[in-house]
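Colleague: need a 3D model of the sequence below.
(2 chains)
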There are 2 protein chains.
Amino acid sequence: MSDTVKALFFDVFGTVVDWRNSVSAEIEALGAARGFEVDGEAFAQAWRARYQPSMAVIRSGERPYTRLDVLHRENLVDVLAEFEIDSLDEAAIDALNLAWHRLNPWPDCPPGLKRLKTKYILATMSNGNVSLMVNLAKSADLPWDAILGSEISRSYKPDPKTYLAGVEILDLAPEQCMMVAAHNYDLLAAQELGLKTAFVARPTEYGPGQIKDLKAEFEFDVVTDSMIGLADKLGCK
Amino acid sequence: MSDTVKALFFDVFGTVVDWRNSVSAEIEALGAARGFEVDGEAFAQAWRARYQPSMAVIRSGERPYTRLDVLHRENLVDVLAEFEIDSLDEAAIDALNLAWHRLNPWPDCPPGLKRLKTKYILATMSNGNVSLMVNLAKSADLPWDAILGSEISRSYKPDPKTYLAGVEILDLAPEQCMMVAAHNYDLLAAQELGLKTAFVARPTEYGPGQIKDLKAEFEFDVVTDSMIGLADKLGCK
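Modeller: Coordinates of the predicted model:
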């Protein structure tokens, strides 16, 4: 299998970067600087909870493709209202919205990805837009060969178009691409299209109380718990 | 200027990689292995000479967007006929066509680009398709942050769409992007759209008899003769 596969496609939020602790720290630091109290953990969870609903209307065709930065910004305005934070002007909200461009990686990612890069094409297959992915890669030291995914296909995972546009643009067959993710639904969608799959467990993505995606729930090609583990299993020195 | 600019857009063929010597060496090696005589230099020039005409019909709208690998393959069949090389089967022609995926970089590029990467987003702004650019980056050690250009915009430079799609997808303004190229026409097109420009002289791209693009013919923001020189001028350590 590891000889057939030419490219690894990575989910990013949760799989490669720790959005929860990063966003939590950003809003708490902002609160300390601007003089408002906020439960960073709850704020991060509330912001992320609006993520799937905001993409659902695009997947269904009710709304044309809109990049994730714009959806994040709309959702942020709602969350600020919910948390009764009203002291931020437009520029401060814009700046806070870019918290998603500077999330911290899980510590195994920079070294694990560098090993994987010696043997495979590494591409993002995220719902994040291109500028978000590029800025995140620079801040979190993620050595991608290509930014694919949502904005390239103008669709949102798990729409088959998102994965297939990536396969097509690399001029590969589905079985030459392996989707790497911490989420069962994402891998299942890729598997149904003929891609290989690797589950990387991130059991604290949503915090100590996480109840889903604690383990692989289907027959995936690789099951591991870090990018170091993935590099080991794929024979990357 | 170097503080306004956030992203550098690179022309690749001729500016970053030496297509002439690389293609010449590939066809000569193939000839030695398969028992045919060929003037590699003349073959490389003849193949490249078909490049602009094959894109012109796409720019004009006569032909829908077709990726460069396909144009290269069509042109290769013509050049093989012109050189009376008839001993290659379809698979061998396919393999030879991928010569463009493994061109050698000008020696200043890997070290110069690594310095530029510490301060700027580095994106390809080439007429090459995404898989060509990704494979070339891996073989020539080119540390791109993003593959933009022709296939992302489904157009060919100097169509304004090609440059502007790159500016837009990075969520930047034209003046925050600098086009880097060894060709006056490419920089002029970018300059007319408001991008900054850097001319990198490659006076032997077409061999010792090269007669055009020997020097900058317009007022570009930076004029230099290597990526090391560009890094120096842009203050990248």
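Colleague: buried residues of stretch A:224-232, list them for me.
Modeller: Neighbour counts over stretch A:224-232 (16 or more other CB atoms under 10 Å in any protein chain shown) mark A:224, A:226-231 as buried. Quick note: C-beta positions are derived from backbone N, CA and C, even for glycine.
Colleague: my bad, should have said stretch A:64-82
Modeller: In stretch A:64-82, counting by 16+ other CB under 10 Å, buried: A:66-69, A:71-72, A:75-76, A:79-80.
Colleague: mind listing which of those are in helices?
Modeller: A:68-69, A:71-72, A:75-76, A:79-80 (DSSP state H).
Colleague: what's the closest of those to chain B?
Modeller: A:Asp69 (7.1 Å; CB to the nearest CB).
Colleague: pLDDT score for that closest one?
Modeller: With respect to pLDDT, A:Asp69 scores 98.
Colleague: can you give me every residue that contacts it?
Modeller: A:97, A:100, A:129, A:131-132, B:171 (CB atoms under 8 Å, 6 or more residues apart in numbering or on different chains).
Colleague: could you dump the residues you listed to a markdown table with pLDDT and secondary structure?
Modeller: Below are these laid out as a markdown table (pLDDT from 0 to 100; DSSP: H, G, I helix; E, B strand; the rest coil):
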| residue | pLDDT | secondary structure |
| --- | --- | --- |
| A:Asn97 | 98 | helix |
| A:Trp100 | 98 | helix |
| A:Asn129 | 98 | coil |
| A:Ser131 | 98 | helix |
| A:Leu132 | 98 | helix |
| B:Asp171 | 97 | coil |
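Colleague: how's chain A carved up into domains?
Modeller: Using automatic domain parsing, the domains assigned to chain A come out as A:7-18+A:103-233, A:19-101.
Colleague: for the first one, measure first residue to last.
Modeller: Looking at domain A:7-18+A:103-233, the gap from its leading to its trailing residue is 15 Å under the measure CA to CA, to the nearest Å.
Colleague: what does the shortest one give?
Modeller: Distance between the boundary residues of domain A:19-101 (CA to CA) amounts to 10 Å.
Colleague: skip the chain neighbours and tell me the closest residue to the residue lying farthest from the centre of chain A.
Modeller: In chain A, the greatest distance from the average C-alpha position (CA atoms, centre = their mean) is reached by A:Gly35, at 31.0 Å. Nearest non-adjacent residue to A:Gly35, counting by CB to CB, 6 or more residues apart in numbering or on different chains: A:Ser87, 7.5 Å away.
Colleague: give me the neighbour count for the one you found.
Modeller: Neighbour count of A:Ser87, defined by other CB atoms under 10 Å in any protein chain shown: 11.
Colleague: verify the contact between it and A:Arg34 for me.
Modeller: Yes - with contacts counted by CB atoms under 8 Å, A:Ser87 reaches A:Arg34, the gap being 5.7 Å.
Colleague: and A:Val180, how close does it get to chain B?
Modeller: Separation of A:Val180 from chain B (CB to the nearest CB, to the nearest Å) stands at 17 Å.
Colleague: which SS class is that residue?
Modeller: Per DSSP: H, G, I helix; E, B strand; the rest coil, the local secondary structure of A:Val180 is strand.
Colleague: could you do A:Arg115 as well?
Modeller: Quick answer, by three-state DSSP: A:Arg115 is helix.
Colleague: for it, what are its contacts?
Modeller: Under the criterion of CB under 8 Å, 6+ apart, the contact list for A:Arg115 reads A:227-228, A:231, A:236-237.
Colleague: now distance to A:Tyr206 and secondary structure too, for the residues you listed, in CSV please.
Modeller: Shown next, in CSV, are the contacts of A:Arg115 (distance: CB to CB, whole Å; DSSP: H, G, I helix; E, B strand; the rest coil):
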residue, distance to A:Tyr206, secondary structure
A:Met227, 20, helix
A:Ile228, 22, helix
A:Ala231, 25, helix
A:Cys236, 29, coil
A:Lys237, 33, coil
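Colleague: for these, work out which two are farthest apart.
Modeller: Spatially, the most separated pair among those is A:Met227 and A:Lys237, at 14.0 Å (CB to CB).
Colleague: in stretch A:82-97, what counts as buried?
Modeller: Of the residues in stretch A:82-97, those buried under the neighbour-count criterion (16+ other CB under 10 Å) are A:83, A:85, A:88, A:96-97.
Colleague: which of those residues sits closest to A:Val16?
Modeller: Out of those, the member with the shortest distance to A:Val16 (by CB to CB) is A:Asn97, at 19.9 Å.
Colleague: state the distance from the nearest residue to that closest one once chain neighbours are set aside to B:Lys6.
Modeller: Among residues not flanking A:Asn97 along the chain, A:Arg73 sits closest, at 4.8 Å (CB to CB, 6+ apart). When distance is defined by CB to CB, to the nearest Å, A:Arg73 is 20 Å away from B:Lys6.
Colleague: before we move on, the earlier item: does the residue nearest to A:Gly35 count as helix, strand or coil?
Modeller: Classified using three-state DSSP, A:Ser87 is coil.
Colleague: okay, it: pLDDT?
Modeller: At A:Ser87, pLDDT is 95.
Colleague: try the one 5 residues further on
Modeller: On pLDDT, A:Ala92 comes in at 97.
Colleague: distance check, it against chain B.
Modeller: Distance from A:Ala92 to chain B, by CB to the nearest CB: 18 Å.
Colleague: show me the contacts for that residue.
Modeller: Neighbours of A:Ala92 in contact, by CB under 8 Å, 6+ apart: A:30, A:34.
Colleague: repeat that for the one 10 residues further on.
Modeller: Applying CB under 8 Å, 6+ apart, one finds that A:Arg102 lies in contact with A:22, A:135-136, A:139-140.
Colleague: dihedrals phi and psi, it?
Modeller: Backbone torsions of A:Arg102, given as degrees, to the nearest 10, read phi -140, psi 40.
Colleague: surely A:Leu187 and A:Met179 touch.
Modeller: Yes - counting by CB under 8 Å, A:Leu187 does reach A:Met179; the two are 5.7 Å apart.
Colleague: which neighbours do these two have in common?
Modeller: In contact with both A:Leu187 and A:Met179: A:197-198, using CB under 8 Å, 6+ apart.
Colleague: for chain A, what lies in contact range of chain B?
Modeller: Residues of chain A lying near chain B by CB under 8 Å from any CB of the partner chain: A:69, A:121, A:129-131, A:134, A:137-138, A:144-147, A:151-152, A:169-172.
Colleague: shaky segments in chain A?
Modeller: A:1-2 (pLDDT under 70).
Colleague: need the helices for it, in chain order.
Modeller: For chain A, the helices defined by DSSP H cover A:19-34, A:40-49, A:51-59, A:68-82, A:90-97, A:109-117, A:130-140, A:150-153, A:160-169, A:184-192, A:227-233.
Colleague: switch those over to JSON lines; also include distance to B:Gly40.
Modeller: Putting those into JSON lines (distance: least, CB to CB, whole Å) gives the following:
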{"stretch": "helix A:19-34", "distance to B:Gly40": "52"}
{"stretch": "helix A:40-49", "distance to B:Gly40": "57"}
{"stretch": "helix A:51-59", "distance to B:Gly40": "51"}
{"stretch": "helix A:68-82", "distance to B:Gly40": "48"}
{"stretch": "helix A:90-97", "distance to B:Gly40": "54"}
{"stretch": "helix A:109-117", "distance to B:Gly40": "32"}
{"stretch": "helix A:130-140", "distance to B:Gly40": "38"}
{"stretch": "helix A:150-153", "distance to B:Gly40": "36"}
{"stretch": "helix A:160-169", "distance to B:Gly40": "31"}
{"stretch": "helix A:184-192", "distance to B:Gly40": "43"}
{"stretch": "helix A:227-233", "distance to B:Gly40": "39"}
